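Q: only geometry, no sequence info:
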DNA sequence: ACCGGCATCCCCAGAACTGGCGATGGCAGA
DNA sequence: TCTGCCATCGCCAGTTCTGGGGATGCCGGT
């Protein structure tokens, strides 16, 4: 059975040439095309395509929002963003919204067809530099700050409990030490982290963990 | 100029067949091969290859650790993990350690060659299902808890400042309102989030952000 | 017109935290 | 051996939070 594809793209010429490409290739068929997000949201659920090619830059609502609303209705449908945007913000937003592929419009037709095939087979086709940017988001591992490194094991333990919102008394119970000891550990933590409150310390603590793979564009 | 490739793989037969594949293909040359992480760490910096194919399952130290130590010395060298492991933990660890590609050993030779070319051209080749798992890590967007949703704009603003460790007084100054107002907002935040301290609220807050794209394997 | 939610302000008391000042003992490195 | 770091404990004063109780005005929906 051929792969059923829907196209969402405002430029009529681009839309037509994509449709021609898909219908003209064995194993693919274009079952619908849409010039706006509104039209896509209304019509695509009826067609239940295997794959959607989605432009980001649509008149009115943008393609990312369109994916976000479409995907819950069509969990089996795979969406490939097809766009000129290479900035990480667009990429991450699109993927978070539910897209599984991200191709640049300049992609040659044969590669576009294999991207459709790949996404339908359970993969996530992405143009080379896009993939690299995504992978790099895993590598922005802020090396543990010297500050955090210098915490003793016991202090780190206290900080973990502190981050969970426990009171000094409760931390003491959990660690089988007195309130006074917890108090001392915490004073040392504050000195080492250069903070002056529990919340600042926790923010630094969670911030570290977080920055190991953050959502925000930082590439 | 052909692409210089080093191989790290403990199985002599696999190593030899990879070397044969690479040396037998125009545009590629295998400049070294290594049967252990220790050997690779010692020798590869001398060869300065363009691309390293790295097995994960090595005797002694594992491939991921090897990448972590190698990459800082050779920032221009791209590493492709070549392994049988498909679990997200291995994938994320490898990428965080500095690998830029991740291919399964079952990959057919022609695709392996194009993966080498792709990584050298600035891409991040990944086997289909691997790529999908990476993309899914962006989609595990815990839907904003109803609790967090119910915060009013002003309350959310307070929570943000709270998370940065500001005192009530400082929040008031930053928001141009009185201490009393901040106090009231915070009481409302605590009610809505079902917490009883600033730190718990912040942990919930940062936890949300964090879970939008977390490092830990959750697929 | 009324009710609910929001944003703004006020007072108060008790609990929790912050940051000084100690102290002891253990253990590892110079 | 002596010095430094760690973990454990103590006291005390001052500050900040927490959680009650109010209040006003605005706005939007029924």
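A: Structure received. It should be emphasised that the depicted structure is a prediction, and the values quoted were computed from it without experimental measurement.
Q: Not including adjacent chain positions, what is the nearest residue to the residue nearest in space to the middle of chain A?
A: Within chain A, the residue whose C-alpha comes closest to the C-alpha centroid is residue A:96; the distance, by C-alpha atoms, centre = their mean, is 3.8 Å. Nearest residue to residue A:96, sequence neighbours excluded (C-beta to C-beta, 6 or more residues apart in numbering or on different chains): residue B:138, at 5.1 Å. Glycine gets a C-beta too; all of them are placed from N, C-alpha and C.
Q: C-terminal to the helix or strand of chain A with the lowest mean pLDDT, what's the next element?
A: Here the helix or strand of chain A ranked lowest by mean pLDDT, DSSP states H and E is helix A:146-149, holding a mean of 63. Where DSSP states H and E defines the elements, the next helix or strand beyond helix A:146-149 is helix A:153-163.
Q: now that following helix, how far from the centre of its chain.
A: 30 Å (C-alpha atoms, centre = their mean, to the nearest Å).
Q: That helix vs chain B: in contact?
A: Yes: when contact is scored as C-beta under 8 Å from any C-beta of the partner chain, part of helix A:153-163 falls within range of chain B: A:162, A:163.
Q: Now do that helix: which elements does it pack against?
A: helix A:168-175, helix A:179-193, helix A:198-211, helix B:198-211 (3 or more C-beta pairs under 8 Å, 6 or more residues apart in numbering or on different chains; DSSP states H and E).
Q: Reformat the ones you listed as CSV; add mean neighbour count.
A: Shown next, in CSV, are those (neighbours: other C-beta atoms under 10 Å in any protein chain shown):
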stretch, mean neighbour count
helix A:168-175, 16
helix A:179-193, 16
helix A:198-211, 20
helix B:198-211, 20
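Q: Make JSON lines out of these and add mean pLDDT and distance to residue B:81.
A: Shown next, in JSON lines, are those (pLDDT from 0 to 100; distance: least, C-beta to C-beta, whole Å):
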{"stretch": "helix A:168-175", "mean pLDDT": "90", "distance to residue B:81": "39"}
{"stretch": "helix A:179-193", "mean pLDDT": "91", "distance to residue B:81": "35"}
{"stretch": "helix A:198-211", "mean pLDDT": "74", "distance to residue B:81": "23"}
{"stretch": "helix B:198-211", "mean pLDDT": "74", "distance to residue B:81": "26"}
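Q: Turn the ones you listed into TSV, columns for distance to residue A:13.
A: Formatted as TSV, the entries for the helices and strands packed on helix A:153-163 read as follows, by distance: least, C-beta to C-beta, whole Å:
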stretch	distance to residue A:13
helix A:168-175	66
helix A:179-193	58
helix A:198-211	44
helix B:198-211	41
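Q: Format these as CSV; extra columns: distance to DNA strand C.
A: What follows is these, written out as CSV (distance: least, C-beta to the nearest atom of the strand, whole Å):
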stretch, distance to DNA strand C
helix A:168-175, 3
helix A:179-193, 5
helix A:198-211, 4
helix B:198-211, 8
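Q: returning to what we had before: and the residue nearest to the centre of chain A, how far is that from residue A:134?
A: Taking C-beta to C-beta, to the nearest Å as the measure, residue A:96 and residue A:134 are separated by 12 Å.
Q: Any chance you could list residues touching both of those two?
A: Residues touching both residue A:96 and residue A:134 by C-beta atoms under 8 Å, 6 or more residues apart in numbering or on different chains: residue B:138.
Q: Look at residue A:12 and say how many residues are nearby.
A: Residue A:12 is flanked by 10 other residues according to other C-beta atoms under 10 Å in any protein chain shown.
Q: Enumerate every residue touching the residue lying closest to it once chain neighbours are set aside.
A: Excluding its sequence neighbours, the residue lying closest to residue A:12 (C-beta to C-beta, 6+ apart) is residue A:35, at 7.0 Å. Neighbour list for residue A:35: A:8, A:9, A:10, A:12, A:15 [criterion: C-beta under 8 Å, 6+ apart].
Q: neighbour-wise, which of the residues you listed leads?
A: Neighbour counts for those, by other C-beta under 10 Å, peak at residue A:8, which reaches 28 neighbours.
Q: right, and it touches residue A:52 too?
A: Yes: proximity of residue A:8 to residue A:52 meets the contact threshold set by C-beta atoms under 8 Å, at 6.5 Å.
Q: Overlap in contacts, these two.
A: Shared between the contact lists of residue A:8 and residue A:52 (criterion: C-beta under 8 Å, 6+ apart) are residues A:40, A:44.
Q: okay, now the domains of chain A?
A: Each domain of chain A is listed here as a residue range: A:3-139, A:146-211, per automatic domain parsing.
Q: what's around residue A:116, how many residues?
A: Residue A:116 is surrounded by 25 other residues when neighbours are defined as other C-beta under 10 Å.
Q: Tell me which residues touch it, please.
A: Contacts of residue A:116 (C-beta under 8 Å, 6+ apart): A:3, A:5, A:22, A:28, A:51, A:53, A:80, A:125.
Q: Show me how far stretch A:154-165 is from its chain's centre.
A: Distance, stretch centre to chain centre, for stretch A:154-165: 29 Å (C-alpha atoms, centre = their mean).
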